[in-house]
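Q: Show me how the following folds:
(chains A, B, C, D, E and F)
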There are 6 protein chains.
Amino acid sequence: MFMHNKRLQYTVRVGDTNPGLANLLLEQFGGPQGELAAAMRYFTQAVAEEDPGRKDMLYDIATEELSHLEVIGSLIAMLNKGAKGQLAEGVEKEAAMYRSLQGAGNDSHVTQVLYGGGPALVNSGGQLWNAGYIDSIGEPTADLRSNIAAEARAKIVYERLINLTDDPGVKEALGFLMTREIAHQKSFEKALYSIESNFPPGKLAGDPRFTNVYFNMSQGDGDMRGSWNEGDQWQFVEDVSKMMAADGGSGLATANMSPDELKAVEQMAMRTQSDPAMNPTTGAELGAANNSVVGKDGRGTMH
Amino acid sequence: MFMHNKRLQYTVRVGDTNPGLANLLLEQFGGPQGELAAAMRYFTQAVAEEDPGRKDMLYDIATEELSHLEVIGSLIAMLNKGAKGQLAEGVEKEAAMYRSLQGAGNDSHVTQVLYGGGPALVNSGGQLWNAGYIDSIGEPTADLRSNIAAEARAKIVYERLINLTDDPGVKEALGFLMTREIAHQKSFEKALYSIESNFPPGKLAGDPRFTNVYFNMSQGDGDMRGSWNEGDQWQFVEDVSKMMAADGGSGLATANMSPDELKAVEQMAMRTQSDPAMNPTTGAELGAANNSVVGKDGRGTMH
Amino acid sequence: MFMHNKRLQYTVRVGDTNPGLANLLLEQFGGPQGELAAAMRYFTQAVAEEDPGRKDMLYDIATEELSHLEVIGSLIAMLNKGAKGQLAEGVEKEAAMYRSLQGAGNDSHVTQVLYGGGPALVNSGGQLWNAGYIDSIGEPTADLRSNIAAEARAKIVYERLINLTDDPGVKEALGFLMTREIAHQKSFEKALYSIESNFPPGKLAGDPRFTNVYFNMSQGDGDMRGSWNEGDQWQFVEDVSKMMAADGGSGLATANMSPDELKAVEQMAMRTQSDPAMNPTTGAELGAANNSVVGKDGRGTMH
Amino acid sequence: MFMHNKRLQYTVRVGDTNPGLANLLLEQFGGPQGELAAAMRYFTQAVAEEDPGRKDMLYDIATEELSHLEVIGSLIAMLNKGAKGQLAEGVEKEAAMYRSLQGAGNDSHVTQVLYGGGPALVNSGGQLWNAGYIDSIGEPTADLRSNIAAEARAKIVYERLINLTDDPGVKEALGFLMTREIAHQKSFEKALYSIESNFPPGKLAGDPRFTNVYFNMSQGDGDMRGSWNEGDQWQFVEDVSKMMAADGGSGLATANMSPDELKAVEQMAMRTQSDPAMNPTTGAELGAANNSVVGKDGRGTMH
Amino acid sequence: MFMHNKRLQYTVRVGDTNPGLANLLLEQFGGPQGELAAAMRYFTQAVAEEDPGRKDMLYDIATEELSHLEVIGSLIAMLNKGAKGQLAEGVEKEAAMYRSLQGAGNDSHVTQVLYGGGPALVNSGGQLWNAGYIDSIGEPTADLRSNIAAEARAKIVYERLINLTDDPGVKEALGFLMTREIAHQKSFEKALYSIESNFPPGKLAGDPRFTNVYFNMSQGDGDMRGSWNEGDQWQFVEDVSKMMAADGGSGLATANMSPDELKAVEQMAMRTQSDPAMNPTTGAELGAANNSVVGKDGRGTMH
Amino acid sequence: MFMHNKRLQYTVRVGDTNPGLANLLLEQFGGPQGELAAAMRYFTQAVAEEDPGRKDMLYDIATEELSHLEVIGSLIAMLNKGAKGQLAEGVEKEAAMYRSLQGAGNDSHVTQVLYGGGPALVNSGGQLWNAGYIDSIGEPTADLRSNIAAEARAKIVYERLINLTDDPGVKEALGFLMTREIAHQKSFEKALYSIESNFPPGKLAGDPRFTNVYFNMSQGDGDMRGSWNEGDQWQFVEDVSKMMAADGGSGLATANMSPDELKAVEQMAMRTQSDPAMNPTTGAELGAANNSVVGKDGRGTMH
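A: So this is what the prediction gives:
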């Protein structure tokens, strides 16, 4: 069960209000690398987890991410506080309000007009949060890797936001949130490597014919070798004819069909055949009757 | 530049057609862990990559994933081939066709009615593929971790699909695709650890006050200790009062406002105050006038 | 700040596992009327709220909804627990597993193959949760009405789910969750009517010419009168000519344009004019050259 | 059946064209609180409604909302009319056109480049309209409350837009549209309270043990009492131990499993155990080998 | 302005109720090729259209499509009418209701549990309608072609639905709706070809070096020639070296950068270099320490 | 199988970097008319195609569109290259970086903060690419028309982008891409008209009673006649009573119900009846107790 205390996990001390900055911070409120995505990622994993140690850890971190969501939401609410009252009460002249809304840059007009300055679960471009941001699949050797990557991404977005503000209070709170992503990544790494055999993830072993093969499918100037495709661990294939088909077969797709199925498919094929022997007049030719494709009088040309 | 050859990377030998199984395989065609997501993940990273080694590797693997998209799409097309012709040509009686469509289970009705049996970029539940499945952020120390995790997830989904079919040709092709995810994960791991200093990701160091702290925010029966929150690397905090606020401040949120801003906010607060001294009659009470909330005659009760 | 205790707000006692039922319950986990939508609705309002009484109430209820999310998620995890292990470990024969997956009905195949049986933030049809489900706009006289309506909807969905299961433990837990929606609705009603003047919502009064008008825009058999369009409060307009335009004007749309703008628009209009004096041959006519639209030999007809 | 007359329900008299303002108005064309959402909300309810009075009212208001969609769409088309021609005909110099596009502020570039200045079904931030904006569930005691709330929200967004323009014609048309939302709310209120017993919504009564309970789940400074949690109607619970579990049970989640299910789950748990007794070396430690987490030379620090 | 009459454009005579069929019909109510998409496609074009003939035609057809939406919605409401009452009133035993809900096949559980049997704006797989289904861009030579294509698609989906039911009343109504798509396509074709010069669409002519070139980018067995790539109108290029780069240039991407920009990019490249000279130990190798990738004892293998 | 060569299909020569322009170009990278949509449209059709000529053509063009995706992505990457390094390395002062980010206009802040300047699969407004942009349905007489329309739309968006830049290298590359859309449209037209009987699309003929009817459903000033509704091919209906119902029936919707179904529906209707004989007090009236709807002192009025 969750409980709440109205004190924040980190004190929020915003300097001047600034709706444009508020809007950038939405990235970590309702964006793909933001705190709701983090909290829900770990919470949904925790609910289904069988391992008691990971279950406890996932609940710990999910709860902290909810508390971070509150911190970043409070930063946004404070930065928007001035604009919010003015639009709600209509205290400025319309034209002034319009100019200030546009001047705030980015999409802060959405935040003001649609959400009234409240922290909405959208990213900084107004894209609604959706659960596709969460990539848990219920297998710990995969989910822990996903969590490690998610913490890495969130760390970077905080880093960029820190690079964009010189309000010391905002910077300090963002620094706390960024640092916690580092700590969480460390925990998830420990939990992953505490699974004795975690690679390859899951249960089935790979097919030994293809586990160590590297296909050089992008060729030409710029080809490079390194530990990712070179050395004892790799069999490097650059002969395209050995790639298709890699199994040595025909590279064709086939299926068995019943006589009825076959007959219906053939009927469809005949009905919809594009006859290569025809050279039909087309709609495009009708439409081009009075002009030349390659640019004539009435037509524009690039300059 | 991309080129194409009509031979597949792996020969597709489907036994009997089976639209229900085709639909499950959509998971890896247009689902979040599927081949389009993989191809676009690596392709978009490749385009912007500065490092020549990674750029080459990302193009290699992106191109292979496109080739896998073709293999899984061909499996789906073959499994749907029979049903497709019959619906298009209306060769069965309506009632029989309706029953066979429903009998195929899951959402294969969408695949048939809307997409005509073609491989559509949806997951096995009909959810449209969207670019939110891709989590690249343009920083290699994060993106490579995301790639590692993505390969791990894709491997697991293939494993589950293999567990669900006994058609040897389908199983074999899925086994090839699953194995390649293992090989790709290995390449991304090598590339990540070839970055000399890759943790913490990005450029800014964490705040040393909070990098090694573990907050025990989920308490009660089930608390566990392990390498993820115990040992020399960790400072374990379980006193809630030390969590809020972690900075030792008030845990409140504040911002500076201009007098005009302040006045507008106060005006809004006054206009919309919920007065705790009132005990108003409410709409719910109007609506409950003729019944009791706690279950009376006309009302249903759970049995 | 949020805290968590590993005891649930309501004890979950599931009888036999049942992935099909688990899937229906997803409606209240990741569906539009579900607990995440409720929790985030109230939480985001709480963060921006200026009124101390409402702020406290919103945090109370948001926190309870998160605890409900945990209860419903635990119901789902328990109902899926058997299927999850079997698919992960591949302990059944493929064909049996495939049949049992399809036999569970609805979209439980997505839950198993993609999410591994974990509670995912999707509705019972596999639609990803998105923040468009939340309709807060930052004005309490509107948001409280939205909250009242949201609680009413959630109550109904729980009622329907209760009607669909005879597992006593599931029924009891759903009954608890349903009842709490009633209690929350009551709180929001009290808070709304504690705002002294809450109708019309917001600050601007309506235009008195149109506030009490009812336009009878759907006419013909089935026209009805009732308190919603009849009585002293209403001016009933059924003469269509008084509706367009209701302001007594021309009902046309006009704008001022600069000479340059006007010239460009005219040029575009001339370039793209569909000349009513032409009767052109069309692509459809080309395509119909060898058949009659009204059904001839080769063509199918409905039977 | 719907019919149409080319005269608008309200005359649209736009002053100067203004693509930036056009874009803000998209909020009520293709936004969540806009006229399409309203029209489709009432129309879909009308189709399924059994009560003849409500059915008539829902068709009346749905039809009016469609007419409003046309009014707001015409405002947008007029405001965009100048820019549209200039971009289509390429009559300005490229650099001037680029500057004017960016200078319009907000997302008007999308409206111009992608939609050619036409009114698109997106909100003012470019988010595509989706049917998740409609929350009808087919039970009138819930749907009428949803309609009341929707009208309240739409009224507020119009109010904000009115506060942002000083074009008298735009202001007047927006004022008409805003006022009609007030009138519609009144009709829906009448229809709701004409249902004799409308609270709690639906058929099942609540569980009397929990209908009147208020859980104080957010505690600490800021706790408040008011009619929403105080008085004869409420039992106020602040002892956390009485919340978990509210039924007096263990607060645990359990399910029956067959021996086969149990065995598979145990096997999965063992295979994926994170062993708390291990202190493994992790990928993060590999990656940090050449740097210190707490900020050394090569690393950036916040300044 | 829109008006409405409660008589339908086509009489709906449903035989027995059938929620499974209702659900399939959702494809044309809230699906991508359905009537809402059609109505909104033409309506939004009509609002912005400058040409009086097309404007009138677009309003005519948009209005008819709204009337079709009402017909298809009424079919769905009738087919769901029985199930709706039973779930709302809980008149069947739970287990029977659960079985009948699952037995209806496809996603009708969503329609019942979430929408209460009302016609919801989702496709037959539960995917919410979204405005991305509309592809208007505000240029008639493109939009009319889009409309022609949209009518063709809608015609096909109706054809498939007709093939799936033997209820004569449903079949007849679907036949009417299908036929009207044919008529609408004919109107749009006439309007397109009434634009004197409609190909290429828009204003700018193509670059004559590339207008008539066909690049044979997919090579190998299966290469075919036909009027689409053969004949006087085409220059057929199959030499890959003439494709990259088609302009005869280097095929590289370059940009000018200021010295500061260049320095920052170089710094980023150096910080994140994957050093090809290293062969680092990776996380995967840590995780594989106790097992072999190529399948050993504890590991599953495919059978 | 796909292969790749690191040379582009068209050489990219960007002048100065320009993140604002980069963002506009996203429209053709991850937007609805962009290159990914094109590539996936043709690729998915190719996989399922039975006709060998069309299959080859679809693979050819799909592969070229992927190569275009690479060209447009490279343009974006080059235009963003400067900003990317500066944000990643934090080399400018925060305030300067914030101003430059906002000054770039449109949504380039999302591209920088969230995606680090890489080409993301979003449109120029930050809307994520989704597979709803693809409208293939698996019937060639419809799909080829959809392809023709898609090429027309893409051509127009390129034309608009060309109108917005004066960088010669960008203009030239966009001109190449635009021209190729013209060539592709020509190929699809040839393939469509090579199907001997392609109108009406699909197999079923229309109902001859309704194939040639034009319903004048939008009436009043502005009615026009032209080849789309006039002439021998058309029966023009303007008498509304002949439209509803067009079949000459009652225009009502009916269905058969079993006695149990009927009883449940009646019970639901009675429970939820809005009684037209009541004039209830409503929540709105409670809320308006202390103010007048038509604007009194405390209330704002429009000025």
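Q: C-alpha only now, for contacts and for neighbours.
A: Will do.
Q: Is there any residue in stretch A:41-54 that contacts chain C?
A: Yes: Stretch A:41-54 lies within reach of chain C by Cα under 8 Å from any Cα of the partner chain, at A:44-45, A:47-48.
Q: got the buried residues for that stretch?
A: A:41-54 (16 or more other Cα atoms under 10 Å in any protein chain shown).
Q: dump the residue contacts of the residue in the stretch 151-300 of chain A that chain C sits nearest to.
A: In the stretch 151-300 of chain A, the residue that lies nearest chain C is residue A:283 (4.6 Å; Cα to the nearest Cα). By Cα atoms under 8 Å, 6 or more residues apart in numbering or on different chains, the residues touching residue A:283 are C:282-283, C:286, F:189.
Q: Swap in 6 Å and give it another go.
A: residue C:283 (Cα atoms under 6 Å, 6 or more residues apart in numbering or on different chains).
Q: repeat for residue A:287
A: Contacts of residue A:287 by Cα under 6 Å, 6+ apart are E:197-199.
Q: Format those as TSV; extra columns: distance to residue C:108.
A: As requested, those are exported to TSV (distance: Cα to Cα, whole Å):
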residue	distance to residue C:108
E:197	54
E:198	50
E:199	49
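Q: re the thing from before, now the buried residues of stretch A:41-54 in JSON lines, with distance to chain D?
A: Putting those into JSON lines (distance: Cα to the nearest Cα, whole Å) gives the following:
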{"residue": "A:41", "distance to chain D": "19"}
{"residue": "A:42", "distance to chain D": "16"}
{"residue": "A:43", "distance to chain D": "16"}
{"residue": "A:44", "distance to chain D": "15"}
{"residue": "A:45", "distance to chain D": "14"}
{"residue": "A:46", "distance to chain D": "13"}
{"residue": "A:47", "distance to chain D": "10"}
{"residue": "A:48", "distance to chain D": "11"}
{"residue": "A:49", "distance to chain D": "9"}
{"residue": "A:50", "distance to chain D": "6"}
{"residue": "A:51", "distance to chain D": "6"}
{"residue": "A:52", "distance to chain D": "9"}
{"residue": "A:53", "distance to chain D": "7"}
{"residue": "A:54", "distance to chain D": "7"}
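Q: What is the nearest of those residues to residue E:168?
A: residue A:44 (48.0 Å; Cα to Cα).
Q: quick one: what helix or strand has the residue most central in space within chain A in it?
A: Residue closest to the average C-alpha location in chain A (Cα atoms, centre = their mean): residue A:32, at 5.3 Å. Following DSSP states H and E, one finds residue A:32 outside all helices and strands.
Q: If I look at it, what pLDDT would I see?
A: pLDDT recorded at residue A:32 is 97.
Q: Ok, the one 4 residues further on next?
A: The predicted local distance difference test score for residue A:36 is 98.
Q: Mind checking what secondary structure it has?
A: At residue A:36 the chain is in helix, as set by DSSP: H, G, I helix; E, B strand; the rest coil.
Q: what about it, distance to chain C?
A: To chain C, residue A:36 is 9 Å away according to Cα to the nearest Cα, to the nearest Å.
Q: circling back to that earlier point, what are the phi and psi angles of the residue of the stretch 151-300 of chain A closest to chain C?
A: Backbone torsions of residue A:283, given as degrees, to the nearest 10, read phi -60, psi -40.
Q: Can you check the pLDDT for it?
A: Residue A:283 is assigned 92 on the pLDDT scale.
Q: that older thread, which one of the contacts of residue A:287 sits closest to residue E:86?
A: Distances from residue E:86 to the contacts of residue A:287, taken by Cα to Cα, are shortest for residue E:198, at 55.9 Å.
Q: Save the residues of stretch A:41-54 next to chain C as a markdown table, and put in secondary structure too.
A: Shown next, in a markdown table, are those (three-state DSSP):
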| residue | secondary structure |
| --- | --- |
| A:44 | helix |
| A:45 | helix |
| A:47 | helix |
| A:48 | helix |
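Q: The helix or strand residue A:255 falls within near chain E at all?
A: If you go by DSSP H and E, residue A:255 is part of strand A:253-256. No: figure legend: strand A:253-256 not in contact with chain E (Cα under 6 Å from any Cα of the partner chain); closest approach 12.9 Å.
Q: May I have the secondary structure class of the nearest residue to residue A:91 once chain neighbours are set aside?
A: Closest residue to residue A:91 apart from its sequence neighbours, by Cα to Cα, 6 or more residues apart in numbering or on different chains: residue B:264 at 6.9 Å. On the three-state scheme (three-state DSSP), residue B:264 is labelled helix.
Q: follow-up on the earlier one: excluding sequence neighbours, find me the nearest residue to the residue nearest to the centre of chain A.
A: residue A:133 is the one closest to residue A:32 (Cα to Cα, 6+ apart), at 5.5 Å.
Q: returning to what we had before: closest one of the residues of stretch A:41-54 next to chain C to residue E:158?
A: Of all the residues of stretch A:41-54 next to chain C, residue A:44 has the smallest distance to residue E:158: 40.7 Å, by Cα to Cα.
Q: Could you give the number of residues near the nearest residue to that closest one once chain neighbours are set aside?
A: Nearest residue to residue A:44, sequence neighbours excluded (Cα to Cα, 6+ apart): residue C:119, at 6.2 Å. For residue C:119, the tally of surrounding residues (other Cα atoms under 10 Å in any protein chain shown) stands at 33.
Q: likewise residue A:234?
A: 17.
Q: residues near the residue nearest to it when sequence neighbours are not counted, how many?
A: If the residues on either side of it in the chain are set aside, residue A:234 comes closest to residue A:212, at 5.0 Å by Cα to Cα, 6+ apart. Applying other Cα under 10 Å, we find 24 residues neighbouring residue A:212.
Q: now the one 10 residues further on
A: Each residue near residue A:222 was counted by other Cα under 10 Å, and the total is 14.
Q: Where does it sit: helix, strand or coil?
A: Under three-state DSSP, residue A:222 comes out as coil.
Q: can you tell me how far it sits from residue E:256?
A: 21 Å (Cα to Cα, to the nearest Å).
Q: and if you look at residue A:79?
A: Distance of residue A:79 to residue E:256, given as Cα to Cα: 37 Å.
Q: When the two are compared, which one has more neighbours?
A: residue A:79 (28 against 16).
Q: any idea which helix or strand carries the more buried one?
A: helix A:52-89.
Q: quick one: the helix or strand following that helix near chain D?
A: Downstream of helix A:52-89, the next assigned helix or strand under DSSP H and E is helix A:94-103. Yes: contact of helix A:94-103 with chain D (Cα under 6 Å from any Cα) involves A:94, A:98, A:102.
Q: Can you tell me, leaving aside adjacent residues, what's nearest to the last one?
A: Leaving aside its chain neighbours, residue A:102 sits nearest to residue D:105 (5.7 Å; criterion: Cα to Cα, 6+ apart).
Q: Equivalent analysis for the second one, please.
A: Beyond its immediate neighbours in the sequence, the residue positioned closest to residue A:98 (Cα to Cα, 6+ apart) is residue D:164, lying 5.1 Å away.
Q: Now for chain A, the helix or strand with the poorest mean pLDDT.
A: helix A:94-103 (a mean of 85; mean pLDDT, DSSP states H and E).
Q: chain center to that one, what's the gap?
A: Averaging C-alpha positions (Cα atoms, centre = their mean, to the nearest Å) puts helix A:94-103 33 Å from its chain's average.
Q: What are the buried residues along it?
A: Quick answer for helix A:94-103 (16+ other Cα under 10 Å): A:94, A:97-98, A:101-103.
Q: The residue nearest to residue A:234: what's it in contact with?
A: Taking Cα under 6 Å, 6+ apart, one finds A:234-235, B:183 in contact with residue A:212.
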